[in-house]
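>>> Pasting the sequence and the predicted coordinates here, then a few questions.
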Amino acid sequence: MLLDRPESAPGVGVITLHRPEALNALNRELMTEVVDAATALDRDPGIGAIVITGSDRAFAAGADIKQMQPQTYPQTYVDDLFGDWDRLASLRTPLIAAVAGHALGGGCELAMLCDLLIAADTAVFGQPEIKLGVIPGIGGSQRLTRAIGKAKAMDLILTGRPMKVDEADRAGLVSRVVPAADLLEETLRIAATIAGYSHPVTAMAKEAVNRAFETTLAEGIRFERRVFHAVFATADQKEGMAAFTEKRRPDFTHS
Ligand code: CAA
């Protein structure tokens with residue numbers, strides 16, 4: 001894994017999956033590194049968006065099959081295999097997946113666990129676990145179904161077929177599709193835009209959207225209203241609205 005804070009994208013931390021010999025297969029070590037790095041970035045007040053990316057060839061070709069093959073049920077249960085990824089999903093800072101090439105199995109699940117999914121025109125998604133005699137294990141059966149509906153989720157999970165980016169875009173899996181050559185630059189631009197807004201308020205916006213997956217409409221709207229009222233306790237609400245009135249750019253202090 002590589003960690004970067006590019007000067008061209010202030011407030012953005014970039015985590016690059018880097019196991020080229022295994023198409024970025026997500027073994028235990030890589031999972032720990034990524035989750036720890038993202039958690040540290042999340043706690044850094046200077047960071048307002050986190051990008052997770054891979055290589056041109058693969059975002060990640062899944063969990064590491066060679067590491068999983070000899071595992072037993074008691075081991076997987078006691079170690080809570082893949083449970084650490086839940087820590088990533090609970091971070092406050094917006095997470096953006098920049099996906100080129102294979103995003104399969106755990107790779108597709110990691111991308112879906114992010115808040116925005118920017119896809120290169122080379123991206124291929126899928127949950128091929130069924131071909132290995134297993135099922136998705138990092139939330140694929142749930143997040144894919146919520147993202148693209150039962151009909152397509154069942155098709156992908158039961159047949160294990162890959163889905164190219166056009167179909168993924170039509171199905172609503174991805175936020176934007178960009179030419180492969182521009183993937184990182186475009187994603188950094190989007191990430192820097194988000195990181196330039198009030199960090200507490202972007203975190204609240206993320207929490208409000210995510211609440212839609214966990215609750216009824218009436219409860220979700222009640223939650224949104226409470227959070228909306230709470231933003232009036234921030235200096236950034238005063239600044240954002242003053243800047244609009246005064247026809248200038250806001251200077252958010254993330255407070
Ligand atoms: N785990 C471990 N190693 C992997 C891997 C994985 N998921 N995916 C690829 N690799 C390794 C290959 O074994 C190969 O290593 P060697 O050179 O040592 O043989 C190397 O990466 C390059 O892969 P290929 O030679 O297979 O490359 P390709 O271009 O011919 O094929 C591919 C690419 C279609 C992605 C193919 O590698 C593939 O099918 N990979 C497995 C995809 C998969 O089944 N993912 C789901 C894993 S299970 C899971 O993720 C469970 C879960 O939900 C958490």
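Right, received. Where do you want to start?

>>> Mind jotting down where the strands sit in the stretch 101-250 of the chain?
102-104, 116-120, 124-126, 163-164, 176-178 (DSSP state E, counting those that start in this stretch).

>>> Let's have the ones you listed in TSV, adding mean pLDDT and mean neighbour count.
Just so you know, the C-beta spots here come from the backbone N, C-alpha and C atoms, and that holds for glycine as well. TSV is the format used below for these (pLDDT from 0 to 100; neighbours: other Cβ atoms under 10 Å):
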stretch	mean pLDDT	mean neighbour count
strand 102-104	98	27
strand 116-120	98	25
strand 124-126	98	24
strand 163-164	98	18
strand 176-178	98	17
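
>>> Turn those into CSV, columns for distance to residue 6.
What follows is these, written out as CSV (distance: least, Cβ to Cβ, whole Å):
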stretch, distance to residue 6
strand 102-104, 22
strand 116-120, 15
strand 124-126, 26
strand 163-164, 29
strand 176-178, 17
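
>>> Out of the ones you listed, which gets nearest to residue 59?
Closest to residue 59 of the strands of the stretch 101-250 of the chain is strand 102-104 (Cβ to Cβ; 4.2 Å).

>>> Give the other helices and strands that that closest one contacts.
On a contact count with 3 or more Cβ pairs under 8 Å, 6 or more residues apart in numbering; DSSP states H and E, strand 102-104 meets strand 58-60, strand 124-126.

>>> Looking at these, spot the one closest to the ligand.
When those are compared by Cβ to the nearest ligand atom, strand 58-60 sits nearest the ligand, at 6.6 Å.

>>> residues making contact with the closest one?
The contact list for strand 58-60 (Cβ atoms under 8 Å, 6 or more residues apart in numbering) reads 17, 23-26, 53-54, 97-104, 106-107, 110-111, 123.

>>> Quick check: which of these are also close to the ligand?
23, 25, 102, 104, 106 (Cβ under 6 Å from any ligand atom).

>>> Show me the shaky parts of the stretch 1-150 of the chain.
Within the stretch 1-150 of the chain, no stretch has pLDDT under 70.

>>> mind listing the helices for it?
All helices of the stretch 1-150 of the chain, identified by DSSP state H, counting those that start in this stretch, fall at 28-43, 65-68, 73-78, 85-89, 106-113, 140-148, 150-159.

>>> Could you do the stretch 151-255 of the chain as well?
Here the stretch 151-255 of the chain has its helices, by DSSP H, counting those that start in this stretch, at 165-171, 183-196, 199-211, 217-230, 235-245.

>>> before we move on, back to that, would you mind finding the most buried of the helices of the stretch 1-150 of the chain?
helix 106-113 (a mean of 28; mean count of other Cβ atoms under 10 Å).

>>> mind saving the C-alpha coords of that one as PDB?
Output of helix 106-113 as PDB, limited to C-alpha atoms (Å, rounded to 0.1, in the frame of the first residue of the first chain):
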ATOM      1  CA  GLY A 106     -13.700  -8.100  -2.300                       C
ATOM      2  CA  GLY A 107     -12.400  -5.400  -4.700                       C
ATOM      3  CA  CYS A 108     -15.900  -4.600  -5.900                       C
ATOM      4  CA  GLU A 109     -17.000  -4.700  -2.200                       C
ATOM      5  CA  LEU A 110     -14.300  -2.300  -1.200                       C
ATOM      6  CA  ALA A 111     -15.300   0.100  -4.000                       C
ATOM      7  CA  MET A 112     -18.900  -0.100  -3.000                       C
ATOM      8  CA  LEU A 113     -18.000   0.500   0.700                       C
END
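
>>> What angle do helix 140-148 and that helix make with each other?
50 degrees (axes from the mean of the first three to the mean of the last three Cα atoms, to 10 degrees).

>>> and residue 52, what does it touch?
With the criterion set at Cβ under 8 Å, 6+ apart, residue 52 makes contact with 15, 17, 34, 38, 95, 96, 97, 98, 110, 111, 114.
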